[in-house]
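1. mind looking at a prediction? Sequence and model below.
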Amino acid sequence: MLFALVFLFLPLLNVFAKAFEKGWTVFYGALVDPDTASAIRLSLTITAITVPLNLIFGITAAWAIAKFEFRWKTLLVALIDLPFSVSPVVTGLMFVLLFGLRGYLGPWLDAHNIQVIYAVPGMVLATTFVTLPFVARELIPVMQSTGSEQEQAALTLGASGWQTFWHVTLPSVKLALLYGVILCNARALGEFGAVSVVSGHITGLTDTLPLRVEKLYQEYNSTAAFAVASILALLALVTLAIKTGFEWHTQRVYARAERATSGTRVTCSKSI
């Protein structure tokens, strides 16, 4: 509790205290600033693209890894974990080397008037890469623990592959799926390192919320910087609340199932 107080709660309270240091008017003015509003829209746009992409990949990869045996399965698991071991800054440099004007694909992209680096596509790619493991890593252990008996039973009863997936596989992992989406969403909104490298820091065009906070602070506009940072802090608190709510709901479901199982055992024992 002492560690949480010193390193979590006090800095969080300081963010909100500094944001409202000069009153509500200054705080509101910092948020409605056109450049800040553009940063908010861009962050939400990148998140709206990144999360569905990771959702599709996470479900597909987890289903393949947990339910099937195939060559290069170990390699696929290692590739999913790769963003955890690579620095986000290195990730950004990797995309610059690939898609930059002097990169491997840069001349071809420039010839076809396609801009990836210092534009939204590069920021989406960088964010997608760093958030790649979250959905898959939440689903893989849950799918492995549930096994494949239910799917085999559904197929035996005449269900198609898609019917089995939608009506048997997905409902059994829905809480883990929601949890992974929440974590992916939070990381996408707060990503700084990789996006900073590929964005170009163009005010009003390629500044996300974290980049906007850094720029305001470097301009010695600390009140506005903390005001924008308070949005990220508030989103983090909302994410934590949703995560806690899911965990509480899951515990209640498991406890209810355990009580029902215990009651059935007692009834059977009395009958015997």
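-> Good, I have the coordinates.
2. pLDDT below threshold where in the stretch 101-250 of the chain?
-> Along the stretch 101-250 of the chain, no part satisfies pLDDT under 70.
3. go again with 80.
-> Where the stretch 101-250 of the chain drops to pLDDT under 80, the residues are 146-152, 155, 160-161, 240, 243, 245-247, 249-250.
4. show me where it has strands.
-> Taking DSSP state E, counting those that start in this stretch, the stretch 101-250 of the chain contains no strands at all.
5. give the contact list for L93.
-> For L93, the contact set (Cβ atoms under 8 Å, 6 or more residues apart in numbering) comprises V197. All C-beta atoms are positioned from the backbone trio N, CA, C, and that covers glycine.
6. list the contacts of T36.
-> Counting by Cβ under 8 Å, 6+ apart, T36 has contacts 30, 212, 224, 228.
7. what's the most distant pair in those?
-> The largest separation in these, counting by Cβ to Cβ, is between A30 and R212 at 9.9 Å.
8. out of these two, which sits in the busier spot?
-> R212 (29 against 22; other Cβ atoms under 10 Å).
9. give me the neighbour count for the closest residue to that one other than its chain neighbours.
-> Among residues not flanking R212 along the chain, A39 sits closest, at 3.9 Å (Cβ to Cβ, 6 or more residues apart in numbering). Neighbour count of A39, defined by other Cβ under 10 Å: 26.
10. okay, A39: pLDDT?
-> For A39, the pLDDT comes out at 92.
11. phi and psi next, for it.
-> Dihedral pair for A39: phi -60, psi -40, per degrees, to the nearest 10.
12. pull the contacting residues for it.
-> For A39, the contact set (Cβ under 8 Å, 6+ apart) comprises 207-209, 211-212, 228.
13. any of those buried? List them.
-> Taking 16 or more other Cβ atoms under 10 Å as the criterion, what is buried in the contacts of A39 is 207-209, 211-212, 228.
14. picking up where we left off before, how far away is the residue nearest to R212 from A186?
-> According to Cβ to Cβ, to the nearest Å, A39 stands 17 Å off from A186.
15. re earlier: same list (the buried ones among the contacts of A39) but as JSON lines, adding distance to T50.
-> Listed next are those as JSON lines, based on distance: Cβ to Cβ, whole Å:
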{"residue": "D207", "distance to T50": "17"}
{"residue": "T208", "distance to T50": "12"}
{"residue": "L209", "distance to T50": "14"}
{"residue": "L211", "distance to T50": "16"}
{"residue": "R212", "distance to T50": "18"}
{"residue": "V228", "distance to T50": "20"}
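16. what is the nearest of those residues to N54?
-> Nearest to N54 among the buried ones among the contacts of A39 is T208, at 17.2 Å by Cβ to Cβ.
17. who are the contact partners of the closest one?
-> T208 sits next to 39, 42-43, 46, 123, 191, 195, 199 when contact means Cβ under 8 Å, 6+ apart.
18. tell me which two of those sit farthest apart.
-> Pairwise distances across these peak at 13.1 Å for A39 and E191 (criterion: Cβ to Cβ).
19. extract the C-alpha trace of the host helix or strand of V89 and format it as PDB.
-> Following DSSP states H and E, one finds V89 within helix 88-99. Output of helix 88-99 as PDB, limited to C-alpha atoms (Å, rounded to 0.1, in the frame of the first residue of the first chain):
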ATOM      1  CA  PRO A  88       8.900   0.800 -29.000                       C
ATOM      2  CA  VAL A  89      11.500   3.200 -30.200                       C
ATOM      3  CA  VAL A  90      13.300   0.400 -32.100                       C
ATOM      4  CA  THR A  91       9.900  -0.500 -33.500                       C
ATOM      5  CA  GLY A  92       9.500   3.000 -34.900                       C
ATOM      6  CA  LEU A  93      13.000   2.900 -36.400                       C
ATOM      7  CA  MET A  94      12.200  -0.400 -38.000                       C
ATOM      8  CA  PHE A  95       9.200   1.100 -39.800                       C
ATOM      9  CA  VAL A  96      11.300   4.100 -40.900                       C
ATOM     10  CA  LEU A  97      13.800   1.700 -42.400                       C
ATOM     11  CA  LEU A  98      11.100  -0.100 -44.200                       C
ATOM     12  CA  PHE A  99       8.800   2.700 -45.400                       C
END
